[in-house]
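Colleague: Sequence and predicted structure, then a few things I'm wondering about:
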Amino acid sequence: MTLAVDLVADLGEGFGAYRMGDDEALLSLLTSANIACGFHAGDPRIMDATVRSCVGRGVGVGAHPSFPDLVGFGRRAMDLTPDEVRTDMLYQIGALHAFAVAHGTRVAHVAPHGRLGNLVAVRADYARAVVDAIASLDQTIIVLAQDGELATAARERGLRVGIVGIADRAYQDDGTLVPRGEPGAVITAPEEIARRTVRMVTEGVIRSVGGNDIPVECDTVLLHGDTPGAVACARTVRAALVDAGVEIAALADVLDRNARRAAA
């Protein structure tokens, strides 16, 4: 069975007159998009335009909810209760759902952003809060996550999970990401990122900062759009995957194939 992987990037991360990244160029390379929902970036006009562009390109629409931290771009820890996390998730996913319906599509997946995305991997209470919000809204929504508490909580509730591989971030020996503030946390060389991505998808491993090959599942590859040379890097990664015989496919199709492979 041919290996397949979804390609996703964070889009719509501007606000008002401010823009971040070249979303239109990235859209030609993606099969899925994580769309900012207003709490760390994004506003009604940007959300509307981004969903419209995704529909026009056949790219899957996903929600990218965050802590309510517009000033800090969602990258600061906030002392929220689990119920605040749950209701903030519903608020943001619901907003994107409205634009999706208006453009004849649906929210296919949810991928928590920034500091929230880091915390739901290790905090069971936050993970359950996010899953509670998604499950109460639509049981068919796919949860994008790294291995950890969020993936576990989603599976326990019967939600489909897509495991995210992040080739342009350095991994620690325990499989967690090196914090952004530390040297070498973000990898910028396109050829290195492409090599790491191909290994993740075809071999199921990635080289850690400790020099060890650690196991990494990868249903979808996250391509960051807010780093220098992001579009050229994304093209390099996609071309390397295709050259390695990997098919670029929609997220739901990838999960279906991986389930059949695991059952074989």
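Modeller: Done, it's in.

Colleague: Skipping its backbone neighbours, what lies nearest Gly210 in space?
Modeller: Among residues not flanking Gly210 along the chain, Asp173 sits closest, at 4.4 Å (CB to CB, 6 or more residues apart in numbering). Just so you know, the C-beta spots here come from the backbone N, C-alpha and C atoms, and that holds for glycine as well.

Colleague: what about that neighbour, distance to Ala185?
Modeller: 15 Å (CB to CB, to the nearest Å).

Colleague: higher neighbour count, these two?
Modeller: Under the criterion of other CB atoms under 10 Å, the comparison of Asp173 against Ala185 puts Ala185 first, with 15 against 11.

Colleague: Which residue, other than its chain neighbours, is closest to the more buried one?
Modeller: Per CB to CB, 6+ apart, closest to Ala185 is Val178, 4.3 Å.

Colleague: Based on its surroundings, how many neighbours for the one you found?
Modeller: Using other CB under 10 Å: Val178 sits among 17 other residues.

Colleague: where in the stretch 1-150 of the chain is pLDDT low?
Modeller: By pLDDT under 70, the low-scoring segments of the stretch 1-150 of the chain are 1.

Colleague: ok, now with 90
Modeller: The model of the stretch 1-150 of the chain has pLDDT under 90 over residues 1-2, 19-22, 77, 147.

Colleague: In contact with the residue nearest to Ala185: list those residues for me.
Modeller: Val178 makes contact with 169-172, 184-185, 209 under the criterion CB atoms under 8 Å, 6 or more residues apart in numbering.

Colleague: And Phe99, by the same measure?
Modeller: Counting by CB under 8 Å, 6+ apart, Phe99 has contacts 44, 47-48, 51.

Colleague: Mind putting those residues into TSV with distance to Ile214 and neighbour count?
Modeller: Output for the contacts of Phe99, formatted as TSV (distance: CB to CB, whole Å; neighbours: other CB atoms under 10 Å):
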residue	distance to Ile214	neighbour count
Pro44	41	11
Met47	36	22
Asp48	41	15
Val51	36	26
